[in-house]
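*Asks:* generate coordinates for the sequence data below:
(one chain, ligands or ions: 1)
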Amino acid sequence: MRLDDALSLAPEGPTFGERLAGAMDSRGRVVVGIDPHPPLLRAWGLPTTAIGARDFGLRVIEALATRVAAVKPQVAFFERYGSAGLAALEEVIAAARAAEVVSIVDAKRGDIGSTMQGYADAYCTEGSPLAGDAVTLSPYLGVGAVAPAIETALAHGRGVFLLCLTSNPDGERVQLARAQDGVSTAADIAQQAAAYNAAQAGGNAPGSVGLVVGATIGDAARRGGVDLVGLNGPILAPGVGAQGGDVGSLHAVVGDAWRWTLPSISRAVLAAGPDAAALAAAADAARTEMA
Ligand SMILES: O=C(O)c1cc(=O)[nH]c(=O)n1[C@@H]1O[C@H](COP(=O)(O)O)[C@@H](O)[C@H]1O
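*Replies:* Numbering: from 1, shown residues only. Below you'll find the predicted structure:
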């Protein structure tokens, strides 16, 4: 599919970027991950099964749907239970939709283009039970390889987040490597994301092609020549809390691109559960800190 075709197929109504901007306005910028790690399931008194993962996700959504910009179910912690786990993930995605909270399905998919369409059909297509509002993609086979998923997402009023500068310390060896033209891989990913957003965005909302930029990476964006302001898209920033990032480190990472930055927190909020009031208090504290 060509980009023009994808944009012309997009449904009436707000784009993903516009929906996200609306959610940030009313509910703050914090994203809470739905990561049913086995130790967390045990701490919540839930079985380490697909049912436990489902109930964990449903409780997070019930407690936090009105208090966060988005929830981010981590596919890995559902996939580990096989087909029952995927069915549980589908229920969690459906519950997020019913609760009218934006969902970012953290699948980190990436493959050659022809195979990528299969992932696009699963994660970016209206009517697919695995499709949330957006999906995380790995463009480290090349941004062109994941283009089918980006274009399918745009054609279905959805968004994507491309891994750019990840929160793990060894990411930058790959991500800041420079090609013969001197441009770092991360900068090239950001430029290509910005080009999609320039074709789509309008008004006072970001485009629907976001980047993942860890809250732990210090000045890597500057060193890699990554233009986060020019992206004009949302920046999903994991690494806050359990990985050591905080509001100060995140500001240092994104600088003037703070406007559309979404700190993403999993364990540091989830550890407050299972009590719904305690979970809500932890999310509210994060929202206040990040305001
Ligand atoms: O795409 C992501 O969300 C992601 C990218 C990245 O660079 N680092 C990162 O930690 N994540 C995800 O963000 C979540 C972080 O969880 P906590 O460290 O518990 O807050 C996990 O689901 C990770 O898979």
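*Asks:* which SSE is the residue nearest the centre of the chain in?
*Replies:* Note on the chain: the residue nearest the mean C-alpha position is Ile104, at 4.8 Å, using Cα atoms, centre = their mean. Element membership for Ile104, per DSSP states H and E: strand 102-109.
*Asks:* pull the residues that contact the helix or strand following that strand.
*Replies:* Downstream of strand 102-109, the first helix or strand assigned by DSSP H and E is helix 113-123. With contact meaning Cβ atoms under 8 Å, 6 or more residues apart in numbering, helix 113-123 is reached by 105, 107, 109-111, 128, 130-132, 135, 144-149, 151-153. Backbone N, C-alpha and C define where each C-beta goes, glycine included.
*Asks:* what about helix 113-123, near the ligand?
*Replies:* No: Helix 113-123 is not in contact with the ligand by Cβ under 6 Å from any ligand atom; minimum separation 13.4 Å.
*Asks:* chain center to whichever helix or strand comes after that helix, what's the gap?
*Replies:* Counting by DSSP H and E, the next helix or strand C-terminal to helix 113-123 is strand 134-137. Remark: strand 134-137 is offset 6 Å from the chain centroid, using Cα atoms, centre = their mean, to the nearest Å.
*Asks:* distance of the residue nearest to Gly132 when sequence neighbours are not counted relative to the ligand?
*Replies:* Spatially, and ignoring its direct neighbours in sequence, Gly132 is nearest to Ser103 (3.4 Å; Cβ to Cβ, 6 or more residues apart in numbering). Ser103 is 13 Å from the ligand, where distance means Cβ to the nearest ligand atom, to the nearest Å.
*Asks:* what is the burial count for Ser103?
*Replies:* 24 (other Cβ atoms under 10 Å).
*Asks:* around the ligand, pick out the residues from the stretch 151-291 of the chain.
*Replies:* 166-167, 212, 214, 238-239, 241-243, 264-268.
*Asks:* the closest residue to the ligand within the stretch 51-200 of the chain and Leu86, how far apart?
*Replies:* Nearest residue of the stretch 51-200 of the chain to the ligand: Thr166, at 3.2 Å (Cβ to the nearest ligand atom). Distance, Thr166 to Leu86, using Cβ to Cβ, to the nearest Å: 24 Å.
*Asks:* one more: Val105?
*Replies:* Taking Cβ to Cβ, one finds Val105 at 11 Å from Leu86.
*Asks:* can you list residues touching both of these two?
*Replies:* Leu130.
*Asks:* who's more crowded, the two?
*Replies:* More crowded of Val105 and Leu86, by other Cβ under 10 Å: Val105, with 29 against 16.
*Asks:* nearest residue to the more buried one other than its sequence neighbours?
*Replies:* The shortest distance from Val105 to any non-neighbouring residue, by Cβ to Cβ, 6+ apart, is to Gly132 (4.2 Å).
*Asks:* okay, and for the chain, where does confidence drop off?
*Replies:* Counting by pLDDT under 70, the chain shows low-confidence ranges at 201-203.
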